[in-house]
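*Asks:* Could you work out the structure for the sequence below:
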Amino acid sequence: MKIIVVGGVAGGATTVARLRRLDEHAQIILFERGNHISFANCGLPYYIGDVIQNKEELLLQTPKSFQNRFGVEVRVGQEVIQINRTQKTVVVKQLQTGKVYEESYEKLVLSPGAEPINPFQNLKTDKVRTLRSVDDAVSIKDFLEKQRPKKVAIIGGGYIGVEMAENLSKYEKMEIAILEKANHLIAPLDEDMANIIHKNLQKHGVKLYLNCGVEAIEESKNGAKLKLTLENNQILEADFVILSIGVKPETTLARQCGLTVNQKGSILVNEWMQTSDPDIYALGDAVQVTNYVTKLPAYIPLAGPANKQARVVANHICNIAHQNTSYQGTVGSSILKIYEYTLGMTGINEATCKVYQLPYRVIILSPYSHATYYPGATLLTIKALYEPKTGKLLGAQVWGKNSVDKITDILATAIRMDMTAYDLEQLELCYAPPFSSAKSPVNLLGNAIENELNGLVETITWEEVEKQENPYILDVRTKEEYESSHIAGAVFIPLDELRQNLAKLEKDKTILVYCHTGLRSYLACRILNQNGFSTKNITGGYSFYKQTH
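*Replies:* Numbers count the residues shown, from 1 in each chain. Okay, the predicted model is just below:
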């Protein structure tokens, strides 16, 4: 069998390696128009920030090592420019010589990835860059070290934009700004959780311009400065601009040869990653996937799913696939380092639930990363969405200094296995004081959801509180906490004095109760409910309020 794979990195290179393990005798050719077939593109910002100091560490396989190990033909610097489906051939251009030739195939795999969105392509200057390849990273780092720009503007506040802001902080006396068209950074985050990110970035000197799309970029007459015109007509100056607006599927080849794509250009594939032509497969950032939670079409460009899709493709081509090995959708799990903190995300957010009118409830916890009597315990913030009738977990966002990856991974697994709150509280997870608590944060999350499912407490979010006219709020923290800061107009009765002061509360109103993190207010709700009061526990407590406002 003769198999051609177009594009390397996560999807293409992984497909080739798996194909060779399954079929020692297949003829496999890997085409890559760049110079690198397998590199750690997620590590590029960290090379610019000198965390990774040697660019060779970003290269997972060189063309020569890949060819030697897997016995495949690796043709770098060669671009597939056309697919002839009827003849089952591809047209290839050697970029260095300009020579054009044809190559036949029996099976064709497309892994072209995605390309950075750049609405300013007509601007010819080396002061405006995108980051996609190792060569891009080397060029950007070289510019920064030689030119030492004083003002850098990052347009777009997604993963790469935020990572770049942190890594540019290593350059002294550099003013860094992120300009984001939406009202918050990191699109998969909910706005309240994103506000925590905003405060952390601002604490480290990063300027944020939200609700600020960039209309135009102009170079000064002498070429020394860039002038950025924002949608609100504000003018900003910068010495260097990094575009991190997002990516779009690079599917020119697929569209030209008549493969079915959606309105946004993503290639449509079945559960075996076959396109509308059964002899052509596609994977990675170029394809439309199914969101595992909503079961609806989605575009989720992540390296993890691309690697899993590569295995599905190779298995199907080599006829060893069965139903359980098909690609069944993307959960959308991701993690991000932001200075001394970590942000983890999995599943869907509130915005998605609202767009598709999916019923959901919110629970917010602030547990510690491990037993508090062991040194080094730090506070976490966990926001989870669940299905009201079943308690099934829909999504989660986790923020903290420690254990974020562990907790997010467990919750991602829970979503993938359709677990409910009852499953979460029964999970038997590792415990020793340096690592967790006897009741892990995941168990506590299950407990909190189960309490609401069983009618022991009703929760309300701060967003919902603020929409009410004259809400009746009770603060059950200590006197010291209350005097430090509190919600204006809140009735103050410490939890330990609540039973003796029930007469001070109005029974004809629903009492909205808060403490620091939500635990003491839950206890207060239980006391009040059993004494004839109507209550709601403000999920996340005052800690979450202060972090997100």
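*Asks:* The stretch 251-400 of the chain: helices as residue ranges?
*Replies:* 252-256, 303-317, 350-355 (DSSP state H, counting those that start in this stretch).
*Asks:* What helices and strands are in contact with the longest one?
*Replies:* Contact analysis of helix 303-317 by 3 or more CB pairs under 8 Å, 6 or more residues apart in numbering; DSSP states H and E lists helix 9-22, strand 107-110, strand 280-282 as its packing neighbours. Placement of C-beta: from N, CA and C, glycine included.
*Asks:* Which residue, other than its chain neighbours, is closest to the spatially most central residue of the chain?
*Replies:* The centroid of the chain falls nearest to Ser334 when counting by CA atoms, centre = their mean (4.2 Å). Leaving aside its chain neighbours, Ser334 sits nearest to Met345 (5.2 Å; criterion: CB to CB, 6 or more residues apart in numbering).
*Asks:* rewinding a little: the residue nearest to the centre of the chain touches Ile186, doesn't it?
*Replies:* No. Counting by CB atoms under 8 Å, Ser334 does not reach Ile186; the two are 9.2 Å apart.
*Asks:* list residues touching both of these two?
*Replies:* Tyr159, Met345 (CB atoms under 8 Å, 6 or more residues apart in numbering).
*Asks:* Next, the contact list for the residue nearest to the centre of the chain, please.
*Replies:* Ser334 touches Tyr159, Pro188, Leu302, Gly344, Met345, Thr346, counting by CB under 8 Å, 6+ apart.
*Asks:* any idea which of those residues is closest to Ile37?
*Replies:* Nearest to Ile37, judged by CB to CB, of those is Leu302 at 19.7 Å.
*Asks:* so who does the closest one touch?
*Replies:* Thr330, Gly332, Ser333, Ser334.
*Asks:* Please convert the helices and strands packed on helix 303-317 to JSON lines, extending it with mean neighbour count and mean pLDDT.
*Replies:* Converted to JSON lines, those look like this (neighbours: other CB atoms under 10 Å; pLDDT from 0 to 100):
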{"stretch": "helix 9-22", "mean neighbour count": "24", "mean pLDDT": "92"}
{"stretch": "strand 107-110", "mean neighbour count": "26", "mean pLDDT": "98"}
{"stretch": "strand 280-282", "mean neighbour count": "29", "mean pLDDT": "98"}
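*Asks:* Tell me which of these lies nearest to Gln121.
*Replies:* helix 9-22 (22.8 Å).
*Asks:* Identify the residues contacting the closest one?
*Replies:* 3, 5-6, 26, 28, 30, 32, 37-39, 41, 60-61, 66, 70-72, 109, 111, 113, 283-285, 303, 306-307, 309-311, 313-315, 317-318, 320.
*Asks:* Could you do stretch 385-397 as well?
*Replies:* 189-190, 193, 293, 343-350, 352-353, 358-363, 382-384, 408, 411, 414-415, 418-422, 424, 449-450, 453.
*Asks:* distance between the ends of it?
*Replies:* 9 Å (CA to CA, to the nearest Å).
*Asks:* do the same with stretch 108-117
*Replies:* Using CA to CA, the end-to-end distance of stretch 108-117 comes out at 27 Å.
*Asks:* what comes up buried for that stretch?
*Replies:* Buried residues in stretch 108-117, counted by 16 or more other CB atoms under 10 Å: Leu108, Val109, Leu110, Ser111, Pro112, Gly113, Ala114, Glu115, Pro116.
*Asks:* Contacts only, for the second one.
*Replies:* Under the criterion of CB under 8 Å, 6+ apart, the contact partners of Val109 comprise Ile3, Ile4, Val5, Val6, Gly12, Thr15, Ile280, Tyr281, Ala282, Leu283, Val313, Ile317.
*Asks:* circling back: okay, the contacts of Ser334 in JSON lines with distance to Pro375 and pLDDT next?
*Replies:* What follows is the contacts of Ser334, written out as JSON lines (distance: CB to CB, whole Å; pLDDT from 0 to 100):
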{"residue": "Tyr159", "distance to Pro375": "32", "pLDDT": "95"}
{"residue": "Pro188", "distance to Pro375": "34", "pLDDT": "95"}
{"residue": "Leu302", "distance to Pro375": "36", "pLDDT": "92"}
{"residue": "Gly344", "distance to Pro375": "24", "pLDDT": "98"}
{"residue": "Met345", "distance to Pro375": "29", "pLDDT": "98"}
{"residue": "Thr346", "distance to Pro375": "29", "pLDDT": "98"}
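*Asks:* Show me the contacts of Leu302 that map onto strands.
*Replies:* Using DSSP state E, the subset of these located in strands is Ser334.
*Asks:* which one of the contacts of Leu302 has the most neighbours?
*Replies:* In terms of neighbours by other CB atoms under 10 Å, those top out with Gly332 at 24 neighbours.
*Asks:* any idea how far that one is from Glu506?
*Replies:* Counting by CB to CB, to the nearest Å, the separation of Gly332 from Glu506 is 44 Å.
*Asks:* quick revisit: to Met164, which of the helices of the stretch 251-400 of the chain lies closest?
*Replies:* Closest among the helices of the stretch 251-400 of the chain, once you apply CB to CB, is helix 303-317, at 17.6 Å.
*Asks:* between the closest one and helix 9-22, how big is the angle?
*Replies:* 30 degrees (axes from the mean of the first three to the mean of the last three CA atoms, to 10 degrees).
*Asks:* Renumber starting at 62 from here on
*Replies:* Understood, numbering begins at 62; the last thing we discussed is helix 364-378.
*Asks:* what sits up against helix 364-378?
*Replies:* 62, 64, 70-73, 75-76, 79-80, 83, 102-103, 168, 170, 172, 332-335, 342, 344-346, 348, 350, 382, 386-388, 391, 394.
*Asks:* ok so, going back, could you dump the helices of the stretch 312-461 of the chain into CSV and include mean pLDDT, mean neighbour count and distance to Pro495?
*Replies:* Below are these laid out as CSV (pLDDT from 0 to 100; neighbours: other CB atoms under 10 Å; distance: least, CB to CB, whole Å):
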stretch, mean pLDDT, mean neighbour count, distance to Pro495
helix 313-317, 96, 17, 51
helix 364-378, 95, 22, 28
helix 411-416, 97, 16, 34
